[in-house]
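S.K.: could you look at this predicted model? Sequence included:
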Protein chains: 2
Amino acid sequence: MSYLVRAFARLSTVPRSALRQYQNPKASRVFSHSYSSPTLHPQVDEEAEDMGKDKAQLSLKVPKGTQDWEGKDMVIRDRIFSTISTVFKRHGGVTIDTPVFELREILAGKYGEDSKLIYDLQDQGGELCSLRYDLTVPFARWLAMNPQIQNIKRYHIAKVYRRDQPAMTKGRKREFYQCDFDIAGTYDPMLPDAEILRIICEIFQELGWNGKFSIKINHRGILDGVFAVCGVPADKIRSISSAVDKLDKLPWDDVRKEMVEEKGLSEEVADKIWDYVQNKGGPEILEKLQKDESLKDNQSMQKGLSDMELLFRYLSAFNVLPFIEFNLSLARGLDYYTGLIYEVITEGSAPSSSSSTAHSLQRSSKKVSSSSKPPASRNPDDEDRSADPSVGVGSIAAGGRYDNLTEKFNPRALVPCVGISFGVDRIFSVTKARMDASGGTEKVRLNEVDVFVMAFGGKGFDGMLEQRMHIARTLWEAGIKAEFSYKVKPKLPAQFKAAEVGGVPFAVIIAEEEQKAGKVKIKELGLPEGNPEKEGVLVRLGDLVPEVKMRLRRKGRRDGEEEEGIDGVGDISAETEGLKIGARDPVVES
Amino acid sequence: MSYLVRAFARLSTVPRSALRQYQNPKASRVFSHSYSSPTLHPQVDEEAEDMGKDKAQLSLKVPKGTQDWEGKDMVIRDRIFSTISTVFKRHGGVTIDTPVFELREILAGKYGEDSKLIYDLQDQGGELCSLRYDLTVPFARWLAMNPQIQNIKRYHIAKVYRRDQPAMTKGRKREFYQCDFDIAGTYDPMLPDAEILRIICEIFQELGWNGKFSIKINHRGILDGVFAVCGVPADKIRSISSAVDKLDKLPWDDVRKEMVEEKGLSEEVADKIWDYVQNKGGPEILEKLQKDESLKDNQSMQKGLSDMELLFRYLSAFNVLPFIEFNLSLARGLDYYTGLIYEVITEGSAPSSSSSTAHSLQRSSKKVSSSSKPPASRNPDDEDRSADPSVGVGSIAAGGRYDNLTEKFNPRALVPCVGISFGVDRIFSVTKARMDASGGTEKVRLNEVDVFVMAFGGKGFDGMLEQRMHIARTLWEAGIKAEFSYKVKPKLPAQFKAAEVGGVPFAVIIAEEEQKAGKVKIKELGLPEGNPEKEGVLVRLGDLVPEVKMRLRRKGRRDGEEEEGIDGVGDISAETEGLKIGARDPVVES
């Protein structure tokens, strides 16, 4: 278990103060755009508006549980997407895109009691539709509709919709992004499963989370075997399983009480279950189960154990064992899983009120991630729970094997699948808190403009507008990102200011005298005193493009040496250093 | 007008047969994935299913007017997105992301009679919401909510929703993508407007449409001036304007009849209007209007003319005049435009039944793009009109200046805007038809895998699974895209076949003997006989990564020399050659 101890010992890098500060985005978010100076972001205060609102007045806001993405948040989120899709493609993924709404009957009966969280479209004539709840059911529906496709590695990055109680700053939203990768097809056992776990590791490594994440794994066959061997009646297996799944948030005493008092299990059976489900660790847990004589005759258990044996071998070949925790209490809510299941956690995944100790004092037996009451009145579960300490970020990625889901849509289309879904909003929340704490957010540029084209002159200066436009056009034609002032006669300081606000690295400056000699000046902004190019360099107009390009390349190399990207997020074009434990230190340390 | 003649003379490159063939995607679409051999795509036949359907049976389909995107279509569409967003960023664009649904009252009263096409979410308690109808109103709502943002170049690529009658293969859908770029802020006149038109040109040039598109421009002030000077009563201006807008689809006689008989305009006024709105061309049209004494006293007209004079100057500096048609009959439907308006057309934009002659025999006065009946019964306007010759692709991009829209949300937030929206589904339809005709589609790869890791051996060969996994891991760690067979003991031909189906360019082959000597073979697939590396090259295991990378770079360069990308779509990383007319020939000619 030493690797786990090591991995968890590193889970100390989200400063709690940063997470707390980030819980109030209105107070902490700074927003600016090119040309506008940075100002505090005065978002409309929803509470105040709701309370004092004149009914005839327009509500100038987004629907509850949703948000606008903008500014640096948007840039950071886009880099997370790029990192994730780069890894997906490295493993042969191809993407598909399904409609945001599905026929209502496609979603029906797939999500158990969470079905109440589905958004329905109004019946306006025509078909009855609902917004998708995840990307897995639409994928299975697509496979069932296309029975000629017997195997595919597909990824899908898109928004899904759940009418759940929001906790915005923890990434729990009603509209949120999922990034899914699924391998469909009939293959030799556990090979695709192992590659999915490898993909998880590559993504969090490349996001710069080395040492800050852990993958809990379990197997539905093992769990079912435990329940059978302990004597849980068949009709109680699902509800007992969901009680076991709460062990990451509740102490055993609470879960035992739920099993015995609420669900009518005998105390003896409950205690036998505890003997098994408290096991967590590495391959040694597998050995222990393999030696357990009482499990020998249970087929479901034996299938699970032989799968896990293969898996551990493959995980070793893929060098991902150090990130794995075999945890017998992991159950996962969804009914459709049939084999391996997994969940990725980080600091902040658990509620903060119970994060310091596994056996907290928290008494609520209600699962925080899905309230069981349907929203009955207006504004029922609408209130944001971001400040509630009993709400954690939750798992940041999760998935498993589901071999029978396509069959539900088309009995002739049986395609076994295994997949993973990354919760990007939650990953973003944690990333942003870390970046705010480390000062990384400040370095994020809003746009990518490389050159600001300026002009200046003395008395009678006409602004040289058409000359500036001509130079901008020349740069655009060469693929260089460039802007210029939309004023006919701009002042030079205003032009420098605009470049500075946008973080534009280079100015191309035209002046009447130099223009007549066929020359323009290239000036790198923000150079220190004493740099030979501090005052800029005059180049012939015909050499402008290659001279600018040479300087952009040079600056790119220099920046690349200085930092490895923004908290590991950002350097997505660079090749990964791979999963060499210890070879790359966490970029942010508190 | 010579440049227009030249531009339109080139509008001959979508072979009509290709477009017809593509009208039935079930017959023409070929789909394949790695490991599976290419097969015809047997989509569920919706008609047959609807007719013979047992009501208890699940409808295995997507909602009408929507589609799954997959395979090569998805790859091609992604490249169109990349091309567009590369240009947006080159001009300083930053992106924002708004929720897919808005409060219903935000959308209310913004779309005139097209409001009936808005999708509403069902009232399930809480707020009343609707799916967004475009990206412009959410942008204006966002600007109004953030009054500290006085200027921004924002782009947004996202799906929008309209309950319109679909014509799928012409890119007319109920769920479709828009790519919007808008410049908000108070600037000297016509500078942002000119840059928007430059952006349009860059995008279609870089999509390889040189000579295949044309931008019609007009000005609301000029149009209103014409109506006022001709004597249209103020309360009839909007309805007469919408009649004029039909002149791209209907002959003047029909439009005149609508004005006089339906809308009660005098014949004299109608004929005066015709004198003006039949004008189209370049700057000479502007000169003609400037000399027209009867327009001298109309302020709206004079403002429009001075705007256009500036614009033509700026368009000349930006080298986009050759793509422009000043067309006095362009009116645009939406109420919120206040200045310059524009629309991009290509062959296929107009209905095919009237495409060969401007004055067709088509008698319908109903605008095809928005049916005026509300959908009353079940399946009212649900039927696909792809085969209807009176339905064209329509405009492929459109926009204009809207200076007062933010004010509607927040009277304190007056931010003038000008923007453009690209209809990617329509652009895709035309691109795909061209690629199918030119054979370009065949060259599109589904995935991006660079290396397939294989093993082979003689008697007692165990498949070398863990060795293959280890090599795959080594490649992944170096950022190289790699796959291997998910079989413990795969046969060599099956491994080659899998690589071939996926179009993977390189194999890394391990064999027991060579493995013992610490060597592996790199083999480039598909090399011609006689190439020195035809049989592959043995390299030391430690040199594998640099040897593979060197060959990937070499192949990249070779491919780059062979073709400039797929019909101009695809070589998005390469720098643009710019808008040098004639410098780049259209890639596809029929």
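M.R.: Received, thanks.
S.K.: quick check, central residue of chain A?
M.R.: The residue lying closest to the centre of chain A (CA atoms, centre = their mean) is A:Val424, at 1.9 Å.
S.K.: state the distance from that residue to A:Tyr155.
M.R.: As judged by CB to CB, to the nearest Å, A:Val424 and A:Tyr155 stand 13 Å apart. All C-beta spots, glycine's among them, are computed from the backbone N, C-alpha and C.
S.K.: joint contacts of these two?
M.R.: A:Cys179 (CB atoms under 8 Å, 6 or more residues apart in numbering or on different chains).
S.K.: on that earlier part again, hmm, the residue nearest to the centre of chain A is touching A:Asp78, no?
M.R.: No: the criterion here is CB atoms under 8 Å, and A:Val424 misses it with A:Asp78 at 10.4 Å.
S.K.: tell me which strands and helices the helix or strand harbouring A:Leu305 is in contact with?
M.R.: Assessed by DSSP states H and E, A:Leu305 sits inside helix A:299-317. Judged by 3 or more CB pairs under 8 Å, 6 or more residues apart in numbering or on different chains; DSSP states H and E, the packing partners of helix A:299-317 are helix A:191-206, strand A:214-219, helix A:220-230, helix A:283-291, helix B:465-477.
S.K.: what about the last one, near chain A?
M.R.: Think helix B:465-477. Yes: using CB under 8 Å from any CB of the partner chain, helix B:465-477 reaches chain A at B:Glu466, B:Met469, B:His470, B:Arg473, B:Trp476, B:Glu477.
S.K.: contacts for that helix?
M.R.: Against helix B:465-477 from outside (CB under 8 Å, 6+ apart): A:90-91, A:194, A:198, A:202, A:313-314, A:317-319, A:576-580, B:451, B:453-455, B:481-485, B:488-489, B:508, B:510, B:515, B:520, B:544-545, B:548.
S.K.: tell me which residues of that helix are tucked away?
M.R.: In terms of neighbour count (16 or more other CB atoms under 10 Å in any protein chain shown), helix B:465-477 has its buried residues at B:Leu465, B:Gln467, B:Arg468, B:Met469, B:His470, B:Ile471, B:Ala472, B:Arg473, B:Thr474, B:Leu475, B:Trp476, B:Glu477.
S.K.: isn't there a helix covering A:Glu407?
M.R.: Yes: using DSSP: H, G, I helix; E, B strand; the rest coil, the assignment for A:Glu407 is a helix.
S.K.: model confidence for the nearest residue to it once chain neighbours are set aside, exactly?
M.R.: Spatial nearest neighbour of A:Glu407, excluding adjacent residues (CB to CB, 6 or more residues apart in numbering or on different chains): A:Leu414 at 4.9 Å. For A:Leu414, the model assigns a pLDDT of 89.
S.K.: next, the contact list for the residue of the stretch 251-400 of chain A found nearest chain B, please.
M.R.: Closest to chain B within the stretch 251-400 of chain A is A:Ala317: 4.1 Å, counting by CB to the nearest CB. Contacts for A:Ala317 (CB under 8 Å, 6+ apart) come out as A:Ala194, B:Glu466, B:Met469, B:His470, B:Arg473.
S.K.: at 10 Å instead, please
M.R.: Residues in contact with A:Ala317, defined by CB atoms under 10 Å, 6 or more residues apart in numbering or on different chains, are A:Ala194, A:Arg198, B:Leu465, B:Glu466, B:Gln467, B:Arg468, B:Met469, B:His470, B:Ala472, B:Arg473.
S.K.: and if you look at A:Pro233?
M.R.: By CB under 10 Å, 6+ apart, the contact list for A:Pro233 reads A:Phe227, A:Ile240, A:Gly264, A:Leu265, A:Ser266, A:Val269.
S.K.: what's the burial count for the first one?
M.R.: Using other CB atoms under 10 Å in any protein chain shown as the criterion, A:Phe227 is surrounded by 26 other residues.
S.K.: state the distance from it to chain B.
M.R.: For A:Phe227, the distance to chain B equals 31 Å [CB to the nearest CB, to the nearest Å].
S.K.: need phi/psi at A:Tyr342.
M.R.: phi -160, psi 160 (degrees, to the nearest 10).
S.K.: any chance you could map the helices in the stretch 251-400 of chain A?
M.R.: For the stretch 251-400 of chain A, the helices defined by DSSP state H, counting those that start in this stretch occupy A:252-257, A:267-277, A:283-291, A:299-317.
S.K.: need those in JSON lines with mean pLDDT, can you?
M.R.: JSON lines is the format used below for the helices of the stretch 251-400 of chain A (pLDDT from 0 to 100):
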{"stretch": "helix A:252-257", "mean pLDDT": "95"}
{"stretch": "helix A:267-277", "mean pLDDT": "96"}
{"stretch": "helix A:283-291", "mean pLDDT": "96"}
{"stretch": "helix A:299-317", "mean pLDDT": "97"}
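S.K.: so which of those helices is the most surrounded?
M.R.: Of all the helices of the stretch 251-400 of chain A, helix A:299-317 has the most neighbours on average by mean count of other CB atoms under 10 Å in any protein chain shown, namely a mean of 19.
S.K.: run the angle between that helix and strand A:214-219 for me.
M.R.: Interaxial angle, helix A:299-317 versus strand A:214-219 (axes from the mean of the first three to the mean of the last three CA atoms, to 10 degrees): 150 degrees.
S.K.: circling back to that earlier point, nearest spatial neighbour of the residue of the stretch 251-400 of chain A closest to chain B, skipping sequence neighbours?
M.R.: Computed as CB to CB, 6+ apart, the closest residue to A:Ala317 that is not its neighbour in sequence is B:Met469, at 4.1 Å.
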